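Undergrad: Structure for this input, please:
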Amino acid sequence: MENKSSVHCTKEQSKETLFTSVVYRIPSLIYLGDDKILSFAERRKTTNDASTVALDMRTGKVNRNKGTDPKVTIKWSDLNPVKEAHLRGCRPMNPCPVYEKKNKTLFLFFICVKDGVTEREQIKSGKNQTHLCYIKSTDDGQTWSEVTVFTENKLVEIKHWATMGVGPGHGIQMESGRLIVPLYAYYRKNSSPFSLCLYSDDQGKSWTLGKKLTMKSNECEMAEVFDDTDNSILFCNARLPGHHVGCDVGHRIEAFSKSGGEEFGTANSVVKLLDTGCQGSVVSFPDQSKVQPVHNKWLLYSHPTDKHKRVNLGVYLNKSPQDPTKWSKPLIINYGPSGYSDLAYIDDGWFVCLMECGEKTEVEQIACEIFSYNDVEQAIAK
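TA: Reported below is the predicted structural model:
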């Protein structure tokens, strides 16, 4: 039995359950600013991916105590079904919101898959039965538009795909205003998946696909960082395709784009970040040292830390985002079964993590954990 104190860091855990009772999977989180945060998840009949029936949402209000003992809490609303995220004869999956700040428009991207059809069946047949969709809201998720579906007329590249996925997790808005939605697609020619992104420079009126990563890659998230001369770089962290729980340990895949996702440089595996067949999340946040240029950003990444199982969810810090050797050891924010997760930076050095977790399996509930940069820094310094 491993000695936890010598391998990992930990913090007092105070997670709050947000989605439970029926089966919920695939957490998604978006911070809108002004202390407004939204969470999403798939509601399912069973743990089977093909049993999803709807996307559900809870909205939250961040409360901050900035006294001598700083503390952050979130007051969450009741659960609300997102009824508009639906196509007849299909199941909605992979919630992935992105927020356009100028017009205060929230886009909820997702996929709709023909009922009863699995991802594996589409890959084997080469027949894509998955639709890339979004709905949008201008009142912070109180009401939603009708569904917009991307067809081959809107995105020509779709005709080359056997199937696709979005995120899951969250998209971002770069400081230039560009909206970024992370995707992955299986290509018909070789049945291999590659990560890429969908981007918009006109507040979401039109969308363009970037070029795929140079290395086989799967579920992904992206974050904006800056180089030493203050130039924007889009960072992509992706799951290793074909790797499953119980296999020998693999490693995460990273790539950088100097063109805002239009194309990425050479993708590489990252030795310090394990991949045991599970999605992970990444966010950038302001340099907390207060000695670097105003645009300097650091990265936080979440993923189960065990080499063979989905257990012990940890967060890793990188103060030099372009250097894959600079990832810290993990701070464990959930001991025990842990699966998919999504991170949000909510300003003032505070983070929220939405995670699959449980006592016996990781699919018993989706819970929320709030922690600070100081928690991370103090723990990894031990």
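Undergrad: so where's the stretch 151-300 of the chain uncertain?
TA: In the predicted model of the stretch 151-300 of the chain, residues 243-249, 292-294 satisfy pLDDT under 70.
Undergrad: roughly how far apart are Gln203 and Glu84?
TA: Using Cβ to Cβ, to the nearest Å, Gln203 is found at 20 Å from Glu84. Quick note: C-beta positions are derived from backbone N, CA and C, even for glycine.
Undergrad: er, Arg188 actually
TA: Computed with Cβ to Cβ, the distance linking Arg188 and Glu84 is 31 Å.
Undergrad: And for Tyr373?
TA: Remark: distance between Tyr373 and Glu84 (Cβ to Cβ) = 36 Å.
Undergrad: now Lys154
TA: 19 Å.
Undergrad: So which residues of the stretch 251-382 of the chain form helices?
TA: Ranges of helices within the stretch 251-382 of the chain are 373-380, based on DSSP state H, counting those that start in this stretch.
Undergrad: Can you spell out which residues form a bridge with Lys36?
TA: Gly33, Lys61 (DSSP bridges).
Undergrad: quick one: contacts for it?
TA: 59-62, 140 (Cβ atoms under 8 Å, 6 or more residues apart in numbering).
Undergrad: could you dump stretch 94-110 to CSV, C-alpha only?
TA: Below are the C-alpha coordinates for stretch 94-110, written out as CSV (Å, rounded to 0.1, in the frame of the first residue of the first chain):
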residue,chain,number,x,y,z
ASN,A,94,-20.6,16.3,-24.1
PRO,A,95,-21.7,19.7,-22.7
CYS,A,96,-19.1,22.3,-23.5
PRO,A,97,-20.1,26.0,-22.8
VAL,A,98,-18.2,29.1,-24.0
TYR,A,99,-19.0,32.7,-23.0
GLU,A,100,-18.7,35.7,-25.3
LYS,A,101,-18.1,38.6,-22.9
LYS,A,102,-18.7,41.6,-25.2
ASN,A,103,-22.3,40.7,-26.0
LYS,A,104,-22.8,38.6,-22.9
THR,A,105,-23.8,35.6,-24.9
LEU,A,106,-23.4,32.1,-23.6
PHE,A,107,-23.0,29.3,-26.1
LEU,A,108,-23.6,25.7,-25.0
PHE,A,109,-22.0,23.3,-27.5
PHE,A,110,-22.8,19.6,-27.4
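Undergrad: What residues sit buried inside it?
TA: 94-100, 105-110 (16 or more other Cβ atoms under 10 Å).
Undergrad: re earlier: buried subset of the contacts of Lys36, written for PyMOL?
TA: Those of the contacts of Lys36 that count as buried under 16+ other Cβ under 10 Å are selected in PyMOL with:
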select buried, resi 59+60+62
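Undergrad: For the contacts of Lys36, which two are the farthest from each other?
TA: Spanning the widest gap among those are Val62 and Asp140, at 13.1 Å by Cβ to Cβ.
Undergrad: any idea which element the residue nearest to the spatial centre of the chain lies in?
TA: Nearest to the mean C-alpha position of the chain, counting by Cα atoms, centre = their mean, stands Gly169 at 2.7 Å. Per DSSP states H and E: Gly169 is located in neither a helix nor a strand.
Undergrad: Might one say that it is in contact with Leu354?
TA: No: judged on Cβ atoms under 8 Å, Gly169 makes no contact with Leu354 at a distance of 9.2 Å.
Undergrad: shared neighbours of those two, anything?
TA: 27-29, 342.
Undergrad: taking these one by one, which sit in strands?
TA: 27-29, 342 (DSSP state E).
Undergrad: so which of those residues comes closest to Asp323?
TA: Distances from Asp323 to these, taken by Cβ to Cβ, are shortest for Asp342, at 24.7 Å.
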